[in-house]
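> Quick one, structure for this:
(one chain, ligands or ions: 1)
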Amino acid sequence: MDLFAFLRAARANPLTTWFREHFEHPIVAGDGALGRVTVVSDPAAIRHILVDNAANYRKDDLQRRVLAPGLGNGLLTAEGEEWRLQRRTLAPIFSPRHVAGFQAPMGEAAERLARRVARRDGQSVDVALEMTRVTLDVLERTIFTHGLPRDPDALGRAITRYFEAIGPIDPLDVFGMPDWVPRIGRIRARPALRFFAEVVDELIERRRALLAAGEAPHDLMTLLLRAQDPETGQGLSDLEVKANIVTFIGAGHETTANALTWTLYCLSQDEEARGRAEAEIDGAFAQSGAMPPAEAFPFTRAALEEAIRLFPPVPFLSRQALAEDRLGRIKIPRGSLVTVAPYVLHRHRRLWQDPDAFLPERFLPENRARIDRFAYLPFGAGPRVCIGLSFSLMEATLVLAHLLHRVRLDRSPEAGPVVPLHRVTLRPRDGLRMRVTARG
Ligand code: HEM
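Numbers count the residues shown, from 1 in each chain. Got it, this is the predicted structure:
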């Protein structure tokens with residue numbers, strides 16, 4: 001593909017730049033519009049890049065240019081010592097102990113969603129929109145307890161607009177133009193960013209007052225403002241607190257919403273799997289009452305993990321080699337880009353049986369050990385693995401359980417085909433309209 005054809009395709013939908021060879025060969029190296037790019041789908045080589053020799057592979061400039069203007073120097077975009085300090089300070093916040101403490105607010109948000117959707121019995125709803133609402137509701141309750149100071153829908157829309165605007169690859173970024181050259185995407189994202197920044201300032205200010213009065217609730221926001229580096233005792237600067245609040249919302253909202261949307265889509269296409277999930281869910285509610293724990297739903301969680309195998313919310317990870325390296329016989333030149341694409345890896349012909357089929361059984365506890373750790377990377381791996389992994393899996397499992405307990409969702413007959421669109425995250429291009437049938 002020539003340079004301009006590539007840029008056009010990448011801007012419209014980067015998924016269309018994957019070819020058959022990517023899904024069939026372990027490593028595909030090519031010299032193209034972005035210089036040398038090596039697409040790696042070999043589990044051992046991925047382990048080398050993301051874990052064993054991770055120090056040689058930093059997040060690439062293109063990715064930083066796309067994300068940093070919105071997320072600041074939060075955990076997702078920071079590098080080097082700055083990232084190490086932040087990760088060490090933030091890791092305890094997302095420990096299993098703290099995450100388990102969020103089960104109740106997550107369950108409550110899930111139940112509110114389920115009841116809201118059940119009221120639409122016989123009508124159609126945009127499931128993608130409902131899922132962004134519930135994930136924002138969960139963040140609101142787990143990060144801020146007292147809620148967001150503005151209309152949550154407006155904030156949700158601002159986030160979506162922001163990804164919409166920055167999502168298409170900007171040719172100026174590709175060509176390495178300096179940051180002060182205005183980018184069209186970034187100009188369009190500005191109002192959404194400004195709105196975002198104002199909301200977060202308000203939140204920090206209010207919380208500092210509550211902390212000073214000794215009345216702060218126990219949530220992620222308080223944990224963030226109190227966090228200390230376990231080695232030095234140092235807290236986060238105001239700027240870091242702010243960047244990380246924006247990062248948690250930015251990194252945790254659309255991703256989890258898309259994971260849920262794709263799971264509901266996959267289940268609507270497979271009556272047997274959906275029936276099995278419903279039976280598991282009805283059984284757990286009958287046994288444990290209104291708020292069963294996430295562990296009560298192994299099949300539902302397996303369906304979720306299988307859906308994000310087929311439709312990984314983060315379809316593409318990229319790194320830049322600091323020094324020359326080798327992956328077997330293949331040379332990785334210094335400064336070149338290395339890509340690990342979950343979308344490709346998860347459907348790779350050599351790694352998966354029936355790669356395009358939705359088979360939740362693959363992820364049941366008894367089968368799990370057969371999946372190579374480095375063949376399945378919806379949350380990445382190594383030192384930069386998603387810090388919100390347990391948080392989002394627990395959240396998404398609970399949302400599915402509460403929702404499927406109350407409603408059945410079917411693809412509306414009049415709706416067209418579902419087209420996956422890669423805009424930072426992977427989502428259905430036109431939303432996902434589904435018909436609601438309330439369950440008993
Ligand atoms: C289904 C939901 C999610 C998916 C698929 C997902 C995916 C990912 C992936 C693939 C990475 C690694 C990127 C790389 O290596 O280049 C990552 C990093 C990160 N994620 Fe998630 N994520 C999800 C939910 C969340 C949630 C709920 C939060 C926070 C509340 C979160 C916060 C972060 C942060 C802060 C990082 C950067 C970690 C670092 O670099 O140290 N994510 N996520």
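> hmm, who's touching stretch 336-345?
Outside stretch 336-345, the residues within contact range by C-beta atoms under 8 Å, 6 or more residues apart in numbering are 15, 18, 22-23, 34-41, 46, 49-50, 57, 60, 62, 311-312, 314-321, 332, 351, 375-378, 422, 426. For glycine as for every other residue, the C-beta is placed from the backbone atoms N, C-alpha and C.
> what do you get for stretch 204-213?
Under C-beta under 8 Å, 6+ apart, the answer for stretch 204-213 is 146, 149, 216, 217, 221, 222, 225, 226, 238, 241, 242, 245.
> picking up where we left off before, which ones, among the contacts of stretch 336-345, also lie beside the ligand?
Taking C-beta under 6 Å from any ligand atom, the overlap between the contacts of stretch 336-345 and the neighbourhood of the ligand is 314, 317, 378.
> So of the contacts of stretch 204-213, which two are at opposite extremes in space?
Pairwise distances across the contacts of stretch 204-213 (C-beta to C-beta) peak at 21.0 Å, for the pair 149 and 226.
> So for those two, which sits in the more crowded spot?
Applying other C-beta atoms under 10 Å to residue 149 and residue 226 shows that residue 149 carries more neighbours, namely 15 against 12.
> Regarding the nearest residue to residue 267 once chain neighbours are set aside, what is its secondary structure?
Spatial nearest neighbour of residue 267, chain neighbours left out: residue 274 (4.4 Å); criterion: C-beta to C-beta, 6 or more residues apart in numbering. Per DSSP: H, G, I helix; E, B strand; the rest coil, the local secondary structure of residue 274 is helix.
> May I have the residues that are in contact with residue 274?
By C-beta under 8 Å, 6+ apart, the contact set of residue 274 is 267, 268, 404, 408.
> Need the per-residue pLDDT for the second one.
What the model reports for residue 268 is a pLDDT of 97.
> Count the residues that sit near it.
Per other C-beta under 10 Å, the neighbour tally for residue 268 reads 19.
> What average pLDDT does the stretch of helix or strand residue 391 belongs to get?
In this structure, residue 391 is located in helix 389-406 according to DSSP states H and E. Here helix 389-406 scores 97 as its mean pLDDT.
> What parts of the stretch 101-250 of the chain come near the ligand?
Counting by C-beta under 6 Å from any ligand atom, the stretch 101-250 of the chain sits next to the ligand at 247, 248.
> which residues of the stretch 101-250 of the chain fall in strands?
Taking DSSP state E, counting those that start in this stretch as the test, the strands found in the stretch 101-250 of the chain are 124-126.
> Nearest residue to the residue nearest to the spatial centre of the chain in space, please, no chain neighbours.
Residue closest to the average C-alpha location in the chain (C-alpha atoms, centre = their mean): residue 255, at 2.8 Å. With sequence-adjacent residues excluded and distances taken as C-beta to C-beta, 6+ apart, residue 255 is closest to residue 313, at 4.2 Å.
> how about the one you found, what does it touch?
By C-beta under 8 Å, 6+ apart, the residues touching residue 313 are 254, 255, 256, 258, 259, 262, 378, 425, 426, 427.
> and what of residue 282?
Contact analysis of residue 282 by C-beta under 8 Å, 6+ apart lists residue 405.
> host element of residue 427?
Assigned by DSSP H and E, residue 427 falls within strand 425-428.
> partners of that strand, with directions?
Here strand 425-428 is paired, per DSSP bridges, with strand 420-423 (antiparallel).
> re earlier: for the residue nearest to residue 255, pull up the helix or strand it's in.
Using DSSP H and E, residue 313 falls within no helix or strand.
> Just want the phi and psi numbers for it.
When read as degrees, to the nearest 10, the backbone of residue 313 gives phi -60, psi -30.
> how close does it get to residue 127?
Using C-beta to C-beta, to the nearest Å, one obtains 15 Å as the distance from residue 313 to residue 127.
> same thing with residue 341?
As judged by C-beta to C-beta, residue 341 and residue 127 stand 26 Å apart.
> quick revisit: of all pairs in the contacts of residue 274, which one is the farthest apart?
For the contacts of residue 274, the farthest-apart pair by C-beta to C-beta is 268 and 404; their separation is 10.8 Å.
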